[in-house]
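Student: coordinates for the following, if possible.
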Amino acid sequence: MTEDAKIKTGSCLCGAVRYRVTGPMRQVVGCHCGQCRKQTGHFLAATGVRLRYFELTEDRGLKWYAASDTARRGFCGECGTFLFWQANGAERIGIAAGSLDGPTGLSTVAHIFVADKGDYYELDDGMPRYPQSGGDQIPYPD
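Tutor: Residues are numbered from 1 along each chain as shown. Now for the predicted structure:
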């Protein structure tokens with residue numbers, strides 16, 4: 001079994017939302033959009049996976065917020081942990097990288113929505129930056 005195929009698990013802070021990933025995950029991106037900054041208190045480090053590899057193993061605390069006409073954000077209604085981002089009708093789900101358990105084997109590879117970046121920090125890590133979404137530049141593996 002390759003590193004990409006190992007089962008990964010994650011959860012919210014209190015355990016009322018738990019999930020399992022059984023397939024390859026996208027590398028981590030830093031999202032600097034205004035919504036991510038408001039919801040996390042800084043920018044969001046996010047990975048993602050195709051839905052066929054994603055399973056909720058505990059969802060008693062899961063709440064969804066319709067953040068726009070095109071996407072929703074999942075969080076724990078008990079402890080408040082932000083966990084997921086999903087475009088309406090998408091066959092993939094974004095996952096807050098910090099909610100994963102143990103070693104992830106992932107790396108941060110880019111920053112998106114840097115046009116909305118906060119003025120209180122700098123991006124000087126040399127990674128690619130995209131003014132809006134990185135689109136196909138940061139692919140989800142099959």
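
Student: looking at the protein, which helix or strand does the model trust least?
Tutor: Of all helical and strand segments in the chain, the minimum by mean pLDDT, DSSP states H and E falls on helix 34-40, at a mean of 94.

Student: now that helix: buried residues?
Tutor: Neighbour counts using 16 or more other Cβ atoms under 10 Å place 35-37, 39-40 of helix 34-40 among the buried residues. Using the backbone N, CA and C atoms, a C-beta is placed for each residue, glycine as well.

Student: reformat those residues as JSON lines; add distance to Arg18.
Tutor: Formatted as JSON lines, those follow (distance: Cβ to Cβ, whole Å):
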{"residue": "Gln35", "distance to Arg18": "24"}
{"residue": "Cys36", "distance to Arg18": "22"}
{"residue": "Arg37", "distance to Arg18": "26"}
{"residue": "Gln39", "distance to Arg18": "20"}
{"residue": "Thr40", "distance to Arg18": "20"}
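
Student: convert stretch 94-106 to CSV, retaining C-alpha atoms only.
Tutor: Output of stretch 94-106 as CSV, limited to C-alpha atoms (Å, rounded to 0.1, in the frame of the first residue of the first chain):
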residue,chain,number,x,y,z
GLY,A,94,-12.2,20.2,1.2
ILE,A,95,-10.9,19.2,4.6
ALA,A,96,-9.2,21.4,7.2
ALA,A,97,-5.7,19.9,7.3
GLY,A,98,-5.4,20.6,11.1
SER,A,99,-8.3,18.2,11.7
LEU,A,100,-6.4,15.2,10.4
ASP,A,101,-4.9,12.8,13.0
GLY,A,102,-1.2,11.9,13.2
PRO,A,103,1.3,12.2,10.4
THR,A,104,-0.5,13.1,7.2
GLY,A,105,2.3,12.8,4.6
LEU,A,106,1.0,16.0,3.0
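
Student: buried residues in it, which are they?
Tutor: 94-100, 104, 106.

Student: and the furthest pair within the residues you listed?
Tutor: In these, two members sit farther apart than any others by Cβ to Cβ. They are Gly94 and Thr104, at 14.6 Å.

Student: for the nearest residue to Cys76 once chain neighbours are set aside, phi and psi?
Tutor: Distances taken as Cβ to Cβ, 6 or more residues apart in numbering put Cys12 closest to Cys76, at 3.7 Å, once the chain neighbours are dropped. Cys12 adopts backbone torsions of phi -80, psi 180, taken as degrees, to the nearest 10.
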